[in-house]
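Participant: Pasting the sequence and the predicted model now:
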Amino acid sequence: MTSASASSRKALSKIAANRLQKELLEWQVNPPSGFKPKVTDNLQRWVIEVIGAPGTLYSNETYQLQVDFPEHYPMEAPQVVFIPPAPLHPHIYSNGHICLDILYDSWSPAMTVSSVCLSILSMLSSSTEKQRPADNDRYVKNCRNGRSPKETRWWFHDDKV
(Lines give C-alpha, C1' and ligand atoms only; values in the text may rest on other atoms or scores of the structure.)
Protein backbone atom coordinates (compact mmCIF):
# COMPACT_ATOMS: atom_id res chain seq x y z
CA MET A 1 0.00 0.00 0.00
CA THR A 2 1.36 3.43 -0.88
CA SER A 3 1.69 6.17 1.65
CA ALA A 4 -1.00 8.26 -0.06
CA SER A 5 -3.51 5.44 -0.12
CA ALA A 6 -2.66 4.53 3.47
CA SER A 7 -3.22 8.11 4.64
CA SER A 8 -6.47 8.36 2.70
CA ARG A 9 -7.81 5.49 4.82
CA LYS A 10 -7.43 7.37 8.09
CA ALA A 11 -10.71 8.38 9.68
CA LEU A 12 -12.06 11.76 8.71
CA SER A 13 -11.49 14.64 11.08
CA LYS A 14 -14.60 16.19 12.63
CA ILE A 15 -14.21 19.19 10.31
CA ALA A 16 -13.98 16.94 7.24
CA ALA A 17 -16.97 14.82 8.29
CA ASN A 18 -19.12 17.89 8.94
CA ARG A 19 -18.13 19.48 5.64
CA LEU A 20 -18.83 16.28 3.67
CA GLN A 21 -22.21 15.78 5.33
CA LYS A 22 -23.12 19.33 4.33
CA GLU A 23 -21.93 18.76 0.74
CA LEU A 24 -23.76 15.43 0.53
CA LEU A 25 -27.00 17.04 1.68
CA GLU A 26 -26.57 19.74 -0.98
CA TRP A 27 -26.02 17.01 -3.61
CA GLN A 28 -29.22 15.27 -2.55
CA VAL A 29 -31.22 18.50 -2.71
CA ASN A 30 -29.58 20.12 -5.74
CA PRO A 31 -27.12 17.91 -7.67
CA PRO A 32 -25.13 19.64 -10.40
CA SER A 33 -26.50 19.00 -13.89
CA GLY A 34 -24.89 15.98 -15.56
CA PHE A 35 -24.03 14.15 -12.34
CA LYS A 36 -25.68 11.46 -10.23
CA PRO A 37 -24.21 10.36 -6.91
CA LYS A 38 -24.32 6.62 -6.21
CA VAL A 39 -25.57 6.15 -2.68
CA THR A 40 -23.18 4.33 -0.35
CA ASP A 41 -22.70 4.26 3.39
CA ASN A 42 -19.09 5.43 3.11
CA LEU A 43 -18.78 9.18 3.58
CA GLN A 44 -15.06 8.98 2.77
CA ARG A 45 -15.55 7.54 -0.75
CA TRP A 46 -18.11 8.83 -3.21
CA VAL A 47 -18.87 7.30 -6.59
CA ILE A 48 -20.43 9.78 -8.99
CA GLU A 49 -21.92 9.08 -12.39
CA VAL A 50 -20.89 11.62 -15.03
CA ILE A 51 -23.05 12.12 -18.11
CA GLY A 52 -21.42 13.79 -21.12
CA ALA A 53 -22.93 17.16 -21.99
CA PRO A 54 -25.18 17.43 -25.06
CA GLY A 55 -23.45 18.75 -28.18
CA THR A 56 -19.97 17.58 -27.10
CA LEU A 57 -17.77 14.65 -28.11
CA TYR A 58 -18.99 12.89 -24.95
CA SER A 59 -22.71 13.59 -25.42
CA ASN A 60 -24.81 11.07 -23.46
CA GLU A 61 -21.78 8.90 -22.63
CA THR A 62 -21.69 7.79 -19.00
CA TYR A 63 -18.60 7.45 -16.82
CA GLN A 64 -17.96 7.04 -13.11
CA LEU A 65 -15.74 9.13 -10.87
CA GLN A 66 -14.41 7.86 -7.58
CA VAL A 67 -13.73 10.56 -5.03
CA ASP A 68 -11.69 9.61 -1.95
CA PHE A 69 -11.54 12.17 0.81
CA PRO A 70 -8.44 12.53 2.98
CA GLU A 71 -8.54 12.90 6.75
CA HIS A 72 -8.09 16.69 6.53
CA TYR A 73 -10.52 17.54 3.72
CA PRO A 74 -11.09 20.36 2.66
CA MET A 75 -7.63 21.58 3.64
CA GLU A 76 -6.29 18.76 1.47
CA ALA A 77 -7.66 17.91 -1.97
CA PRO A 78 -9.64 14.74 -2.50
CA GLN A 79 -8.27 12.08 -4.81
CA VAL A 80 -10.48 12.02 -7.90
CA VAL A 81 -10.15 9.34 -10.60
CA PHE A 82 -12.32 7.84 -13.28
CA ILE A 83 -13.25 4.24 -12.64
CA PRO A 84 -12.13 2.44 -15.82
CA PRO A 85 -13.08 2.55 -18.55
CA ALA A 86 -12.08 6.20 -18.45
CA PRO A 87 -13.10 8.56 -21.25
CA LEU A 88 -10.67 8.99 -24.13
CA HIS A 89 -9.29 12.47 -23.46
CA PRO A 90 -5.87 14.14 -23.79
CA HIS A 91 -5.77 14.76 -20.01
CA ILE A 92 -7.23 11.49 -18.76
CA TYR A 93 -5.09 8.38 -18.53
CA SER A 94 -6.44 4.91 -19.23
CA ASN A 95 -6.08 4.03 -15.52
CA GLY A 96 -8.49 6.87 -14.69
CA HIS A 97 -5.95 9.42 -13.43
CA ILE A 98 -6.85 13.00 -14.35
CA CYS A 99 -4.34 15.72 -15.15
CA LEU A 100 -6.24 18.76 -13.83
CA ASP A 101 -4.50 21.39 -11.72
CA ILE A 102 -7.34 21.96 -9.23
CA LEU A 103 -6.93 18.37 -8.06
CA TYR A 104 -3.34 19.04 -7.06
CA ASP A 105 -1.35 22.31 -7.06
CA SER A 106 -4.32 24.67 -7.46
CA TRP A 107 -6.62 23.07 -4.88
CA SER A 108 -8.38 25.48 -2.54
CA PRO A 109 -10.43 24.60 0.56
CA ALA A 110 -13.17 26.81 -0.90
CA MET A 111 -13.71 24.21 -3.64
CA THR A 112 -16.37 21.56 -3.28
CA VAL A 113 -17.13 18.21 -4.86
CA SER A 114 -19.62 20.05 -7.09
CA SER A 115 -17.04 22.56 -8.30
CA VAL A 116 -14.54 19.77 -9.00
CA CYS A 117 -17.14 17.79 -10.95
CA LEU A 118 -18.15 20.84 -12.98
CA SER A 119 -14.48 21.49 -13.80
CA ILE A 120 -14.08 17.90 -15.00
CA LEU A 121 -17.25 18.14 -17.10
CA SER A 122 -15.99 21.43 -18.56
CA MET A 123 -12.67 19.78 -19.40
CA LEU A 124 -14.50 16.96 -21.17
CA SER A 125 -16.86 19.34 -22.96
CA SER A 126 -14.11 21.54 -24.36
CA SER A 127 -12.13 18.66 -25.87
CA THR A 128 -11.85 18.66 -29.67
CA GLU A 129 -10.56 15.11 -30.00
CA LYS A 130 -10.84 11.78 -28.26
CA GLN A 131 -7.35 10.48 -27.57
CA ARG A 132 -5.16 9.43 -24.66
CA PRO A 133 -2.28 11.58 -23.42
CA ALA A 134 0.88 11.01 -25.47
CA ASP A 135 2.64 9.40 -22.49
CA ASN A 136 -0.32 7.20 -21.45
CA ASP A 137 1.40 3.80 -21.72
CA ARG A 138 4.53 4.90 -19.84
CA TYR A 139 2.56 6.68 -17.12
CA VAL A 140 0.14 3.79 -16.56
CA LYS A 141 3.03 1.32 -16.41
CA ASN A 142 4.71 3.49 -13.73
CA CYS A 143 1.47 3.60 -11.72
CA ARG A 144 1.19 -0.14 -11.20
CA ASN A 145 0.78 -1.40 -7.65
CA GLY A 146 -1.84 1.19 -6.75
CA ARG A 147 0.15 4.39 -7.08
CA SER A 148 -2.01 7.41 -6.32
CA PRO A 149 -2.25 10.28 -8.83
CA LYS A 150 -1.38 12.55 -5.90
CA GLU A 151 2.12 11.01 -5.98
CA THR A 152 2.64 12.30 -9.53
CA ARG A 153 4.46 15.52 -10.32
CA TRP A 154 2.05 16.92 -12.88
CA TRP A 155 3.16 19.40 -15.49
CA PHE A 156 0.22 21.66 -16.36
CA HIS A 157 1.12 23.13 -19.71
CA ASP A 158 -1.86 22.64 -21.98
CA ASP A 159 -4.92 24.74 -21.26
CA LYS A 160 -6.49 24.30 -24.70
CA VAL A 161 -8.26 21.03 -23.87
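Facilitator: Perfect, I can see it now.
Participant: For the closest residue to Ala53 other than its chain neighbours, report the pLDDT, please.
Facilitator: Here the nearest residue to Ala53 in space, its sequence neighbours aside, is Ser125; by Cβ to Cβ, 6 or more residues apart in numbering that works out to 4.7 Å. No exception for glycine: its C-beta is placed from N, CA and C like everyone else's. In the prediction, the pLDDT value recorded for Ser125 is 95.
Participant: Give me the below-cutoff pLDDT ranges for this structure.
Facilitator: Within the chain, the set of residues satisfying pLDDT under 70 comprises 1-9, 145-161.
Participant: where along this protein do the helices fall?
Facilitator: Residue ranges of the helices in the chain, as given by DSSP state H, are 3-8, 14-29, 113-125, 136-142.
Participant: Most tightly packed of these?
Facilitator: Each of the helices of the chain was given a mean neighbour count from mean count of other Cβ atoms under 10 Å, and the largest, a mean of 19, is that of helix 113-125.
Participant: Could you name the helices and strands sitting against that one?
Facilitator: Judged by 3 or more Cβ pairs under 8 Å, 6 or more residues apart in numbering; DSSP states H and E, the packing partners of helix 113-125 are helix 14-29, strand 45-51, strand 62-68.
Participant: relative to strand 62-68, how tilted is the second one?
Facilitator: In this structure, strand 45-51 runs at an angle of 160 degrees to strand 62-68, with axes from the mean of the first three to the mean of the last three Cα atoms, to 10 degrees as the basis.
Participant: From the contact counts, what lies against strand 45-51?
Facilitator: Contacts of strand 45-51 with other secondary structure elements, assessed using 3+ Cβ pairs under 8 Å, 6+ apart, are made with strand 35-38, strand 62-68, helix 113-125.
Participant: and it, which strands flank it?
Facilitator: Based on DSSP bridges, the pairing partners of strand 45-51 within the sheet are strand 35-38 (antiparallel), strand 62-68 (antiparallel).
Participant: Ignoring the adjacent residues along the chain, who's closest to Pro70?
Facilitator: Counting by Cβ to Cβ, 6+ apart, the residue nearest Pro70 is Glu76, at 4.5 Å.
Participant: That neighbour and Phe69, how far apart?
Facilitator: 9 Å (Cβ to Cβ, to the nearest Å).
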